[in-house]
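Participant: Quick one: sequence and predicted model below, then my questions.
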Amino acid sequence: MEDQHPQICCDGVSPCESKGYSADNYDPDAVEESEDTVTSGSREVSPAGGPTLPILQKIVDLSSKIKVLKDEHALVCNQVKEIKNCSFVEPEMSKALQLLNTELGTLKRQYLEESSERKRLYNENIELKGNIRVFCRCRPLNQAEVGNGCASVVEFDASHDNELQILSTDSSKKHFKFDHVFKPEDSQETVFAQTKPIVTSVLDGYNVCIFAYGQTGTGKTFTMEGTPENRGVNYRTLEELFRSSESRSRLMKFELSVSMLEVYNEKIRDLLVDNSNHPPKKLEVKQSAEGTQEVPGLVEAQVFNTDEVWDLLKRGYSVRSVGSTAANEQSSRSHCLLRVTVKGENLINGQKTRSHLWLVDLAGSERVGKVETEGERLKESQFINKSLSALGDVIAALASKTSHIPYRFSPSVKTFCI
Ligand SMILES: Nc1ncnc2c1ncn2[C@@H]1O[C@H](COP(=O)(O)OP(=O)(O)OP(=O)(O)O)[C@@H](O)[C@H]1O
């Protein structure tokens, strides 16, 4: 019977050292495969009557493939056994979870420490540059000025972007220094780039205020409001606040709301209320129980995106008191104040902040005689000048760090200092 089995070579044994199957080296997979290969293949018979060398080689190859597969199978079986053994998996998993939680806690703590350090350094840097900063922007000559043959009396120093000189009528030059000077060709974007770092401090919980101050017709409203095609500081600020708050959204949740008011002839008027059908509500600055200055009854509209902001700003600008003067066709006759309230909540430690950003377009300072004002315009000018002079006193007192700051001298100034 033994002789009926074909003699095959395997395990690297050479044909001349061939051996037959026995009960000890029997491999059912290998035999099945071998038999199939030998019986179904075109039988090539060696001169001695056994299979030829190519077939033997195929069998050798298949045998080693089967061995590899068997080893892999044994490995997978062991893995399945391990997975089925829950008493092994659960403690391992809860240990891993515990480790991950500890690591997460450490990372959170480090993140909080890093972000409060960032906040401290950022705002320290702002303070080092000066808590009160003054920029000067010179507008280009307008068509009327060009038509009248006017020439610019402002000279800029190319090597100092914080200085300018004014040519006086007697040909002498007056030298002025600011924190930065913007030239007539500087865009709205360039102007905003300088204010942006201060603006983002409000997200860190600091109160910030930006005033546009200057003679009538010099470009205050253009700088703060801008035009739909060329938007100013107000819109760009809110755009930046949305962008910045989004980029911090993994750590902080922010809520932004907007109020708009004007101080006209020393009276406060809410610009977000439609007063067309009834007399405007009387608004006043009052001290709250917490000691902060508030305007009770002032509309505070929550905003979620820049489209909503633009709609609100347009609404407010459209009802602002403007009039035509000799110096400016569309002169603002009131101080316009845009207040952005930022409420922040730290999502990790629950700490809350509330801060205000005031963006103020002051009415133009003017020499009453020069702008030929009379009647209602004259009364407006007197109020404007009185409040601006009171504001000048407050800023001078703040800058010289005197103990008494004359906030209460004018209702407008009281409003600016809320
Ligand atoms: N940087 C500028 N580039 C181009 N045009 C400007 C610039 N600044 C101001 N203007 C234009 O000059 C005119 C007067 O500007 P604006 O109304 O902003 O002055 P203002 O200082 O707000 O005046 P007022 O105090 O009378 O309200 C406007 O037509 C405005 O578009």
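Facilitator: That came in fine, so what should we check first?
Participant: residues in contact with the residue in the stretch 51-200 of the chain positioned nearest to the ligand?
Facilitator: In the stretch 51-200 of the chain, the residue found nearest to the ligand is residue 139; the distance is 3.4 Å by Cβ to the nearest ligand atom. Every residue, glycine included, has its C-beta placed from N, CA and C. Residues near residue 139 by Cβ atoms under 8 Å, 6 or more residues apart in numbering: 184, 218, 219, 222.
Participant: What's the local residue count around residue 160?
Facilitator: For residue 160, the count of nearby residues is 10 (other Cβ atoms under 10 Å).
Participant: Could you do residue 185 as well?
Facilitator: Using other Cβ under 10 Å: residue 185 sits among 8 other residues.
Participant: Give me the distance between it and residue 192.
Facilitator: Applying Cβ to Cβ, to the nearest Å, the value for residue 185 to residue 192 is 15 Å.
Participant: likewise residue 283?
Facilitator: 30 Å.
Participant: more crowded one of those two?
Facilitator: Set side by side, residue 283 and residue 192 show more neighbours around residue 192, with 21 against 18, by other Cβ under 10 Å.
Participant: ok, the more buried one - contacts?
Facilitator: 232, 233, 236, 237, 240.
Participant: Could you tell me which of those are located in helices?
Facilitator: Here DSSP state H is the test, and those give 233, 236, 237, 240 as lying in helices.
Participant: Leaving out the residues flanking it, which one is nearest to the third one?
Facilitator: If you skip the residues right next to it in sequence, residue 237 has residue 199 as its closest partner in space, 5.0 Å away by Cβ to Cβ, 6 or more residues apart in numbering.
Participant: Make sure that neighbour is indeed in a helix.
Facilitator: Yes. Remark: residue 199 belongs to a helix, assigned using DSSP: H, G, I helix; E, B strand; the rest coil.
Participant: before we move on, what SS does the residue of the stretch 51-200 of the chain closest to the ligand have?
Facilitator: Quick answer, by three-state DSSP: residue 139 is coil.
Participant: biggest helix in the chain by residues?
Facilitator: Every helix in the chain considered (DSSP H), the longest is helix 86-129.
Participant: Which positions in the protein make contact with the ligand?
Facilitator: Taking Cβ under 6 Å from any ligand atom as the contact definition, the chain meets the ligand at 139-140, 142, 214, 216-222, 328, 330-332, 363-364.
Participant: repeat that with 8 Å
Facilitator: 137-140, 142, 184, 186, 188, 212, 214-223, 225, 227, 322, 325, 327-333, 361-366 (Cβ under 8 Å from any ligand atom).
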